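Engineer: could you work out the structure for the sequence below:
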Amino acid sequence: VPARMGEEYRSLRKTMRSLSLVTVCEEAGCPNIYECWADGTATFMVNGDRCTRACGFCLVDTRKPLPPDPDEPERVAEAVDRLGLAHAVVTTVARDDLADDGAATLAETVLAIRRRTPATRVELLISDCRGHEPSLERIFAARPDVLNHNVETVPRLQRAVRPSASYARSLAVLARARAAGLTTKSGLIVGMGEETDELLATLADLHGVGVDIVTVGQYLRPTSHHLPVARWWTPAEFAELAAAGEAMGIPHVEASPLTRSSYHARAAAEGVLAPAAGGVAR
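Structural biologist: Predicted coordinates for the structure are as follows:
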């Protein structure tokens, strides 16, 4: 991936720094940061930059989290306004230390963006909130345009990849979101030891709970302390996975080596949602 640190990249970074905001683009070491930032697109990460979980694939900091910042939602909304975003993606670290699992900050961020830029679509990428119904209901009540929760991998590898989560719980979160009338999305990382038939079964499970958008991307080992890469999937194989998922009935499957949860998020959402009522198509 070529590093492109031109004017748009520097301007977006300046905006984030001036508002003391965190992006998953930086914290997770995303390979698409140069492309997305050059296009004026970033994924905001709220509830701080320290996660209470230690997933085997993830680079995000796992030190003891700091208390939530009550002003964070308004600063995210200001950044969305400054950047002129038609589609804003907001994710969060897992906050198992909080009684509400960080749900209040997510909900307030959606409301703050809508107060400032009503035409902007908002996509949330959430944790499983430990399956706590009040936390999930608080998020669902904010009515994000897209509700994303990643299963990350096939059932057999869940304990190694995301030891503090569970496959069944993640499917239940997605099913609850669907039952609440939300457009749902989930993601898979490949290259950690899964087999093709396991991936197809997982895609079938996601279709079974009504997921509208699925992303599939290649695992890139962030450090030597993380899980090793078991296999490099080819672009042709990614295309086959996308075709298989859509043949099952999933409305949109985004699959390529560099696909991540928020990669081409606006375009994916536009494939399953009605056009935004105004706003800059960014």
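
Engineer: what about the helices in the stretch 101-250 of the chain?
Structural biologist: In order along the chain, the stretch 101-250 of the chain carries the following helices (DSSP state H, counting those that start in this stretch): 103-116, 133-141, 158-161, 167-179, 196-208, 235-248.

Engineer: which of the ones you listed comes out lowest on mean pLDDT?
Structural biologist: Looking at the helices of the stretch 101-250 of the chain, the lowest mean pLDDT belongs to helix 158-161 (a mean of 94).

Engineer: list the buried ones in that one?
Structural biologist: Residues 158, 161 are the ones in helix 158-161 that count as buried (16 or more other CB atoms under 10 Å). In this view, the C-beta of every residue, glycine as well, is placed from N, C-alpha and C.

Engineer: now that helix, how far from the centre of its chain.
Structural biologist: 19 Å (CA atoms, centre = their mean, to the nearest Å).

Engineer: for the stretch 51-200 of the chain, just list every one of the strands.
Structural biologist: 87-92, 121-125, 146-148, 184-190 (DSSP state E, counting those that start in this stretch).

Engineer: switch the ones you listed over to CSV; also include mean pLDDT and distance to Pro2.
Structural biologist: Converted to CSV, these look like this (pLDDT from 0 to 100; distance: least, CB to CB, whole Å):
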stretch, mean pLDDT, distance to Pro2
strand 87-92, 91, 23
strand 121-125, 95, 26
strand 146-148, 97, 28
strand 184-190, 97, 23
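
Engineer: CSV for those, including mean neighbour count and distance to Ser11?
Structural biologist: Written out in CSV, the entries for the strands of the stretch 51-200 of the chain read as follows (neighbours: other CB atoms under 10 Å; distance: least, CB to CB, whole Å):
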stretch, mean neighbour count, distance to Ser11
strand 87-92, 26, 17
strand 121-125, 26, 22
strand 146-148, 26, 26
strand 184-190, 26, 28
